[in-house]
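K.L.:
model the structure of this input:
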Amino acid sequence: MSDIFGTPRQRPQNPRAEHRRKVLVPTLVTLAVLLLLGSVFTGIWTDRLWYKSVRYGDVFGTIIATRILLFLVFGLIFGAVVFANLVIAFRLRPDNVSMRRDDPAYRYREALTPILRPVVIVFSLLLTAIAGSVAAGQWETFQMWRNKTSFGTKDPHFGKDISFFVFDYPWLRFLTSYGFTLIVITTLAVIFVNYVYGGLRIAGRGPKFTRAAQVHLSVLVGIGVLLRAVSYWLDRFGLAIGGGGLFDGIGYTDANARIPSKNILIAVAIVCALLFFSSVFLKGWMLPGIGLGLLALTSILIGGIWPAVMQSFQVKPSEPDKEAPYIARNIKATRGAFDVSRVEVQNYTAKTALTPEELTQTAESRVSSRLLDPTLIAPAFEQLQQVRGYYSVPETLDVDRYKIGKIKQPQDIIIAARELNLNGLQASQRNWANDHTIYTHGYGVVAARGNERGAQGQPVWVEKDIPPTGELKTKTEPRIYFGEQSPSYSIVGRPSGAAPIEVDIPRGGGAADTDKPNATQNTYDGKGGVPVGNLFNKALYAFKFGEPNIVLSSRVNSNSKILYDREPRDRVNKVAPWLTVDGDPYPAVVNGKVVWIVDGFTTSNTYPYSERRSLEESTSDSLTGNGAQAVLPRDQVNYMRNSVKAVVDAYDGSVDLYQWDTKDPVLKTWMKVFPGVVKEKSEISEGLREHLRYPVDMFKVQRDVLSRYHVTDAQTFYEDGERWKVPEDPAATGSKLQPPYYLSITQPGQESPSFALTSVYLPNSRQNLAAFVSVNSEASDKKNYGKFQILQLPSDTQIPGPNQMSNQFDSDKGVSQALLQYQQSKSTTIQYGNLLTLPVGDGLLYVQPVYIKRSAEQGAYPVLQFVIASFGDDVGFGQSLDEALRSARGLAPGSVGDDSSTPTPPASGGGAKTTAELLAQAADSYNKAQDALKKGDLAAYQKEIKAMGDAIDAAQESLKSN
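P.N.:
Reported below is the predicted structural model:
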């Protein structure tokens, strides 16, 4: 016998083996389906439990209900339409069709006919699942369209409210794409059925359709062409958010050629659709073919050639003049969309000729320079305050400000949470019970003054030890169960009356930390966590984490809870998935409680006329490059607001979202979608407000935008000669941008220092400084918070940029001589900290801390040993900023303005010293420098080293003249 394709069949050699295969395959398929369904159910149900545990069950309910609704509606419509059209095509097939046995259509028909019904049903169900899944993924787009909020601003070309582009346009685009895809797949499926069952014959001069097939396909194609007309209508608005040219948004050619061409194409597409519909009454394809050809020709001539000709022969020769009004629209829209429209640009002389008294007094009164480098000081925090090996702090610490003692002005503080790090346990301690039931949490925060160093260069603590002591007053609950380094999951809770088992406060030091004499134990009693006391929940989480011990272990009891998704960014992302979360959460002590503060952004990619920015590219720098800060997604955005401040409790994991930008229409829309989820701004306590700061990722994106859009004149913008760039970080390896720095500075026009986020710009093709940019980050200052200020340097000045200044520091004689002993020593290494730029007295001051690390000692950490400072051409070196400033001006410590101590260069002329005298003077200066170094008087040391260098230079000149 042979099968329907003419291939001889072979009898099975082993009927039992064949039977086993027939049983095995369905069994494996069934198991795979059950495993998939079990995984989906586990994911959904555990998500439900998690949301319930953080009291955001309504968020989960809204999301899942919206996704199910979209899945069912769009999935069933897709599947039903395809199924109905396949049924219609089958029923309209010709009754008697003669086919040759070698015709492929005959073979398909013979194979399909016996199983046609299940094939069509499975095919339709598959399309239903695919279409439903795609539609479910559009739940955010749907909810934004359904709950849209007016921006109150109209776009300059169409006169539509911005909300149409941000909320309506994306949803309409999805509907159009969905409908067009549905028509295309349905049409192809109908053609296939007609081909198999004789409604379409391919022979001779071309394909021939039966009358019924022609009518059916004409209606489908006509609907598709109508959808194309809708797409042309939307394309007009898409030009307002399009990019790729000189600027984003509508340009001269768009307004005068492309948009009119789209209007013409809409009319032609409607006519073409009507011609297809006419085939219901008229035989043949001539009229629909003419319409389709007309549409294609119009698309080429009017939609393609006309705009290209206008761009090449009318716009290009006079581009600056033709595009000027559209460039102006782009500038205004971009600055408004990224919230930089009110940036204050101030011309700044950056003079370098202050007197010693002016420089010292100005620096002391106007600069509260943060000397501790958060990227280098972590080892000192860890070695001095780690307490046990299983505690750690992040590689890069955070900067905040606190009111310490009786000083009313907040002080810059370097702070870190002392978190649990399971990698710090010994190999013998690593097992499931220890990892997930005993070592469960960190303890307290560690904090030090940002602008002070101890006698040996160590941090000056304001919060330390376990239990915590210090001036931050962590009173309520210092334990950290939720943090950036927490284990993937921990199981906490004990039966009533049972002894606690979680390692809490380590004591002593001889035995294992879990021994009672050396450690206290704790039992978590917070409200966070998912109960896993019943067998059903145990089984769910055993499946979720692939760990049978969750079911088998006696440690999991009736009072147990499981803590997971513990990273603050992850928790905020889950309760508010419509937010983009800042990559740098930071710990704070608020009203005696340790919390994590996380900034949330609302974004859009369809704000008209605004320039797009990649979040990943705009926020990447030396800190994201080494993993110190999380990298934002690759999303392209052209609208961004810091709309939400989120707070995650470090003990119970609770998440509170507060409205921050009260005018943001995107946030207002999401507050309609999830009522009650975001609290009003007025509910932010004063204690919390004191620790809110301007988000670093928001500033990075705005910094990127302002590198070009600080220019507001269309002609200057077109010339593009004023473009700036962010400098590379001189302290980093590789070509990585310098990150912005949090500093307390006194900006021009202010009387007292304020907390600010700062950065600098370079001209696009040079390394000298172009501008200093800062934004007020003092959230308690409601009037000035978020105020940008750009100090723009004159183009004829040559103030060195960070990399030039770094080279200047390296080549300075006094600095290199002072560091020579450390460079030559095999037991020490030199590490340079953040190179900070500070506006001081109408000038710019550079400050860089220098750390010394003893590399030969186990447990060594960098110690802040010196400070380098430069104002203009003067470089100073000392153990404090004050010493460095005095050294830069040649002043002995404590003698402000006393120039008598400044070395006098050798006289010229008749009273010139001999070569021998000059060399003797150099030797004398060297001896004095060594004596000063032994006494720790670095200012005097550098002064004598400089005098020695001057004497040697003079001696060389004397030899040449002789």
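K.L.:
use CA for all of it now, contacts and neighbours both
P.N.:
Will do.
K.L.:
mind listing what the residue positioned nearest the centre of the chain touches?
P.N.:
By C-alpha atoms, centre = their mean, the chain has its centre lying nearest to Leu632, at 2.1 Å. Neighbour list for Leu632: 580-583, 615-616, 619 [criterion: C-alpha atoms under 8 Å, 6 or more residues apart in numbering].
K.L.:
which ones among the residues you listed map onto helices?
P.N.:
Assigned to helices by DSSP state H, the following of these qualify: 615-616, 619.
K.L.:
in stretch 806-816, what's buried?
P.N.:
Across stretch 806-816, burial judged by 16 or more other C-alpha atoms under 10 Å covers 806, 808-809, 813-815.
K.L.:
hmm, back to that, would you say the residue nearest to the centre of the chain is within a helix?
P.N.:
No. Checked against DSSP: H, G, I helix; E, B strand; the rest coil, Leu632 lies outside a helix; its state is coil.
K.L.:
ok, now how distant is it from Tyr851?
P.N.:
31 Å (C-alpha to C-alpha, to the nearest Å).
K.L.:
could you do Leu918 as well?
P.N.:
35 Å.
K.L.:
likewise Gly801?
P.N.:
22 Å.
K.L.:
do the same with Asp58
P.N.:
51 Å.
K.L.:
can you show me the CA trace of the host helix or strand of Phe276 as PDB?
P.N.:
Under the criterion of DSSP states H and E, Phe276 resides in helix 259-277. C-alpha atoms of helix 259-277 as PDB (Å, rounded to 0.1, in the frame of the first residue of the first chain):
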ATOM      1  CA  ILE A 259       1.300  65.600   5.300                       C
ATOM      2  CA  PRO A 260      -0.600  66.800   2.200                       C
ATOM      3  CA  SER A 261       0.500  63.600   0.400                       C
ATOM      4  CA  LYS A 262      -1.000  61.500   3.300                       C
ATOM      5  CA  ASN A 263      -4.300  63.400   2.900                       C
ATOM      6  CA  ILE A 264      -4.300  62.500  -0.800                       C
ATOM      7  CA  LEU A 265      -3.400  58.900  -0.100                       C
ATOM      8  CA  ILE A 266      -6.300  58.600   2.400                       C
ATOM      9  CA  ALA A 267      -8.700  59.600  -0.400                       C
ATOM     10  CA  VAL A 268      -7.100  57.300  -3.000                       C
ATOM     11  CA  ALA A 269      -7.200  54.400  -0.400                       C
ATOM     12  CA  ILE A 270     -10.900  55.000   0.200                       C
ATOM     13  CA  VAL A 271     -11.600  55.000  -3.600                       C
ATOM     14  CA  CYS A 272      -9.500  51.800  -3.900                       C
ATOM     15  CA  ALA A 273     -11.500  50.100  -1.100                       C
ATOM     16  CA  LEU A 274     -14.800  51.000  -2.800                       C
ATOM     17  CA  LEU A 275     -13.500  49.500  -6.100                       C
ATOM     18  CA  PHE A 276     -12.800  46.300  -4.200                       C
ATOM     19  CA  PHE A 277     -16.300  46.300  -2.700                       C
END
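K.L.:
which elements pack onto it?
P.N.:
helix 211-241, helix 286-300 (3 or more C-alpha pairs under 8 Å, 6 or more residues apart in numbering; DSSP states H and E).
K.L.:
pretty sure Ser490 is in a helix, no?
P.N.:
No. Assessed with three-state DSSP, Ser490 is strand; it does not lie in a helix.
K.L.:
which non-adjacent residue is nearest it?
P.N.:
His436 (4.5 Å; C-alpha to C-alpha, 6 or more residues apart in numbering).
K.L.:
next one: Ser735
P.N.:
Glu728 is the one closest to Ser735 (C-alpha to C-alpha, 6+ apart), at 6.1 Å.
K.L.:
beta partners for that neighbour?
P.N.:
Leu737 (DSSP bridges).
K.L.:
ok so, going back, any chance of CSV for the helices and strands packed on helix 259-277, columns distance to Thr253 and mean pLDDT?
P.N.:
Shown next, in CSV, are the helices and strands packed on helix 259-277 (distance: least, C-alpha to C-alpha, whole Å; pLDDT from 0 to 100):
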stretch, distance to Thr253, mean pLDDT
helix 211-241, 11, 95
helix 286-300, 16, 91
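K.L.:
out of these, which gets nearest to Asp661?
P.N.:
Closest approach to Asp661 among the helices and strands packed on helix 259-277 (C-alpha to C-alpha): helix 211-241, 23.9 Å.
K.L.:
my read: Phe83 touches Ser124, true?
P.N.:
Yes. Here Phe83 reaches Ser124: they are 5.8 Å apart, a contact under C-alpha atoms under 8 Å.
K.L.:
OK, contacts around Arg228?
P.N.:
The contact partners of Arg228, by C-alpha under 8 Å, 6+ apart, come to 180, 269.
K.L.:
what about it, distance to Arg173?
P.N.:
Taking C-alpha to C-alpha, one finds Arg228 at 11 Å from Arg173.
K.L.:
ok, now Gly249?
P.N.:
Taking C-alpha to C-alpha, one finds Gly249 at 18 Å from Arg173.
K.L.:
swap in Asp635?
P.N.:
Going from Asp635 to Arg173 by C-alpha to C-alpha gives 18 Å.
K.L.:
which stretches of the stretch 851-962 of the chain have low pLDDT?
P.N.:
For the stretch 851-962 of the chain, the stretches with pLDDT under 70 are 856-859, 890-912, 915-916, 933-939, 941-942, 955-962.
K.L.:
longest single helix anywhere in the chain?
P.N.:
helix 15-53.
K.L.:
list the buried residues of that one.
P.N.:
Counting neighbours by 16+ other C-alpha under 10 Å, helix 15-53 gives 42, 46, 48-53 as buried.
K.L.:
and it, how far from the chain's centre?
P.N.:
Taking C-alpha atoms, centre = their mean, to the nearest Å, one finds helix 15-53 lying 37 Å from the centre of the chain it belongs to.
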